[in-house]
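Below is the sequence, then the predicted model.
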Amino acid sequence: MRTIRLTMSQALLRFLDQQYVSIDGMETKFVQGVIGIFGHGNVTGIGEALERSPGSLTYIQGKNEQGMVHTAAAFAKQKNRQQIYACTTSIGPGALNMITAAATATVNRIPVLLLPGDNFASRQPDPVLQQLEVASDYTVSATDPFKMVSKYWDRIVRPEQLMTAAIQAMRVLTDPAETGAVTLALPQDVQAEAYDYPEVFFEKKIHYLDRRSPSRESIERAAALCQGKQRPLLIAGGGVHYAGAAQEVADFATAFGIPVAETQAGKSALAWNHPLNVGAIGVTGSLAANLLAKEADLIIGVGTRYSDFTTASKSAFANPDAQFININISGFDTAKLNGIGITADAKEALRALQERLAAGSFASSWASAYIAEVKSEWDAEVDRLYRMECQEGLAQTHALGVINDMLDPSSVVVCAAGSLPGDLHRLWRAVEPKTYHMEYGFSCMGYEISGAFGVALAEPHREVYAIVGDGSYLMLHSELVTSLQEGRKFTILLFDNHGYQCIHNLQRSQGSDGFGNEFRYRDAGSNTLSGNYMPIDFSAHARALGAKAFKATNAEELRSALLAAKKETVTTLIEIPVVPGTNSGGYESWWNVGVPEVSVSPKVVAAHEEMSKRIQAAKPI
């Protein structure tokens, strides 16, 4: 057997450089490169390998460890999980900074490969700088917490262990049902140790993403459930995008006259003006979708994990006869809500179920005129919100209306947290697939800027827009600098409403007078932040980092700024002051949150009693 002597780090990069995926006969290089921040623990190991022998892998210099993993996750999400970046850090705080983003990727079923540095496997020297000493278990290090948020975790304490670990890592990263964050903890001494690796380990490896066909029995069970059902509703989740099944959703819905509602991850699978697209579902849903959901006696969930926002905390489907057919590549998700599961690729499952139902002459009893009526009423409501005027300044929904009107249909909008996801889910009119990129599995504050950079890496020929609140921007904006460094432009639309207004709204709706959620000065001697709003010049901050920047205080200025931003060649920020509380509200939906049973405030006690009534009315499945 022929061998080649390499350090473990050099071998890892050579292996990653030879990984490919194939789906529907299309072969794609899987690992595009490595995003990293060097420190002790990786600079002389993986750092040397990236400098001297990277192969075709590109190195991108991150600015924040959490941010760079968000970038990698957004890239993989936009590429339908068929391409990834790996992420490398030093030991200790550098590694731990990745955990939030690792959890975000895992919750969203997005593949990211994490390569944190680790303590010396030899334990010499000991304790090393940034080592986490646990006196009761000396094998524990700062990389152990990754076990809780990783779909696969391993620590390479001998260079030859890399071969087994790398193969298992690729197994999980390329498995659509099991993918998420994969962590290979790399002790800094082992990174630099050499081993005679067999050359076969570095041969080109193709991972075939074979579409999983549904079993005949599962299709028959689903078809049997459909018989006798009159008012089906299809919910398009993120799995529709990952399976490339947008056309199959449209064909299935059209064949049987079934209205289609969208989750945050599934939005844009069907154009907003398709006659059967009734919009967003659940807590952040449209009036049209939520009204139909209450009447539906059959829910066909395609590629959705049924989060509490999708189901309105299990209250969305009020019909006592409502039952579920769950199409998902993950058996874990097909079992939810006591549904009939079809564990299969969404494209294959929809085709098979459509063929079977057509043979049985299945059709919904929804009147097309009724669907058109509720859809028309909702479209009129969106128009109203998009034109909403406010004496105090620019309303948030009006600003979104201007933006939606000005952007090209092929542009991608990126968002994650605050009140903006609710407005975008309800109101945004997406025309083309993959133009709505929302991280709402974790709704992780700080994802937006890093995520937009990741989308710009994935789709350099599209205009990309990060729609972000001032709270999320302040939390994490570091990869703006990386986008300038890499020449990957996107536009930041920063909505400044003086704080965490989404949670401020939730807080006040449950009996609070408002506490700790606005960016105000502290009045002398006060226990609350009740002074004036803090004046923060976000456009000046962006310019200081090297970006272009504009400020728009009204609709006309916003239109002009959007036109100017399109002409810029570097990342550009538009600061948009909006009036707090001018976001859209709920439509026939409810969200279960814990409200204190005991309080000195009668308003809080009353809110608890109302919440208790809602909980009792929801389906305990």
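Perfect, I can see it now. Here the structure is a predicted model, which is why all the values come from computation and not from measurement.

Show me the longest helix that occurs in this protein.
For the chain, the longest helix by residue count, based on DSSP state H, is helix 368-386.

Return the list of helices and strands in contact with the next helix or strand after that one.
Per DSSP states H and E, the first helix or strand lying C-terminal to helix 368-386 is helix 396-406. If you count contacts as 3 or more C-beta pairs under 8 Å, 6 or more residues apart in numbering; DSSP states H and E, helix 396-406 packs onto helix 368-386, helix 420-427, strand 464-469, strand 491-496, helix 555-567. Placement of C-beta: from N, CA and C, glycine included.

tell me the average confidence for the last one?
It refers to helix 555-567. Helix 555-567 carries an average pLDDT of 98.

Might you calculate how far that helix sits from the centre of the chain?
28 Å (C-alpha atoms, centre = their mean, to the nearest Å).

Tell me the first helix or strand C-terminal of it.
Helix 555-567 is succeeded, C-terminally, by strand 572-577 (DSSP H and E).

Paired strands for that following strand, with orientation please.
Counting by DSSP bridges, the strands paired with strand 572-577 are strand 491-496 (parallel), strand 548-551 (parallel).

Extract the C-alpha set from that strand and format it as CSV.
Extracted C-alpha coordinates of strand 572-577, given in CSV (Å, rounded to 0.1, in the frame of the first residue of the first chain):
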residue,chain,number,x,y,z
THR,A,572,-23.5,49.5,1.6
LEU,A,573,-25.6,50.4,4.6
ILE,A,574,-28.9,52.3,4.5
GLU,A,575,-29.9,53.5,8.0
ILE,A,576,-33.7,53.7,8.2
PRO,A,577,-35.2,55.2,11.4
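
circling back to that earlier point, quick one, which of the helices and strands packed on helix 396-406 gets closest to Leu276.
helix 368-386 (6.7 Å; C-beta to C-beta).

Okay, angle between that closest one and helix 420-427 too, please.
140 degrees (axes from the mean of the first three to the mean of the last three C-alpha atoms, to 10 degrees).

Mean neighbour count, the helices and strands packed on helix 396-406: which tops it?
When those are scored by mean count of other C-beta atoms under 10 Å, the highest mean neighbour count falls to strand 464-469 (a mean of 28).

average pLDDT for that one?
Averaging pLDDT along strand 464-469 yields 98.

can you tell me how far Glu348 sits from Ala243?
Glu348 sits at a distance of 8 Å from Ala243 (criterion: C-beta to C-beta, to the nearest Å).

Comparing these two, which residue is more hemmed in?
Ala243 (27 against 19; other C-beta atoms under 10 Å).

Serialize the helices and strands packed on helix 396-406 to JSON lines and add fields for distance to Gln131.
Below are the helices and strands packed on helix 396-406 laid out as JSON lines (distance: least, C-beta to C-beta, whole Å):
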{"stretch": "helix 368-386", "distance to Gln131": "54"}
{"stretch": "helix 420-427", "distance to Gln131": "39"}
{"stretch": "strand 464-469", "distance to Gln131": "36"}
{"stretch": "strand 491-496", "distance to Gln131": "38"}
{"stretch": "helix 555-567", "distance to Gln131": "46"}
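
Can you give me the neighbour number for the residue nearest to Ala322 when sequence neighbours are not counted?
Excluding its sequence neighbours, the residue lying closest to Ala322 (C-beta to C-beta, 6 or more residues apart in numbering) is Asp297, at 5.5 Å. Neighbours of Asp297 under the rule other C-beta under 10 Å: 18.

Contacts only, for Asp297.
Listed by C-beta atoms under 8 Å, 6 or more residues apart in numbering, the contact set of Asp297 reads Lys229, Gln230, Arg231, Pro232, Asn319, Asp321, Ala322, Gln323.

how near is Asn328 to Phe15?
31 Å.

which of those two has more neighbours?
Set Asn328 next to Phe15 and count neighbours by other C-beta under 10 Å: Asn328 wins out with 29 against 23.

give the contact list for the residue positioned nearest the centre of the chain.
Nearest to the mean C-alpha position of the chain, by C-alpha atoms, centre = their mean, lies Glu439 at 2.3 Å. Contacts for Glu439 were tallied using C-beta under 8 Å, 6+ apart; they are His70, Ala73, Ala74, Lys77, Thr104, Asn108, Cys415, Ala416, Tyr447, Gly451.

and the closest residue to Ala564 other than its chain neighbours, what pLDDT?
In this structure, Ala564 finds its nearest non-sequential neighbour in Phe550, 6.2 Å apart by C-beta to C-beta, 6+ apart. As summarised for this prediction, Phe550 has a pLDDT of 98.

Make 18 the starting number, not 1.
With the count now opening at 18, the last piece we talked about shows up as Phe567.

So Ala559, which state does it fall into?
The local conformation at Ala559, judged by DSSP: H, G, I helix; E, B strand; the rest coil, is helix.

Burial check on it, number of neighbours?
23.

residue contacts, the closest residue to it other than its chain neighbours?
Nearest residue to Ala559, sequence neighbours excluded (C-beta to C-beta, 6+ apart): Leu590, at 3.8 Å. Leu590 makes contact with Leu497, Thr508, Ile509, Leu511, Phe555, Ser556, Ala559, Ala564, Lys565, Ala566, Phe567, according to C-beta under 8 Å, 6+ apart.

Just name the closest of these to Ala634, please.
Looking across those and measuring by C-beta to C-beta, the closest to Ala634 is Leu511, at 39.4 Å.

List the beta-bridge partners for the closest one.
Val485, Glu592.

Test my guess that it contacts Tyr482.
No - the pair Leu511 and Tyr482 does not pass the contact test of C-beta atoms under 8 Å, sitting 10.9 Å apart.

Can you get me a residue count around the closest residue to Ala557 other than its chain neighbours?
Leaving out its chain neighbours, the residue that sits closest to Ala557 by C-beta to C-beta, 6+ apart is Ala566, at 7.4 Å. Here the number of neighbours of Ala566 (other C-beta under 10 Å) works out to 23.

Which strand residues bridge Ala566?
Bridge pairing for Ala566 - DSSP bridges - gives Leu590.

contacting residues around it?
Per C-beta under 8 Å, 6+ apart, neighbours of Ala566: Phe555, Ser556, Ala557, Ala559, Arg560, Thr589, Leu590, Ile591, Glu592.

Of those, which is the most crowded?
Neighbour max across the contacts of Ala566 (other C-beta under 10 Å) = Leu590, 29 neighbours.
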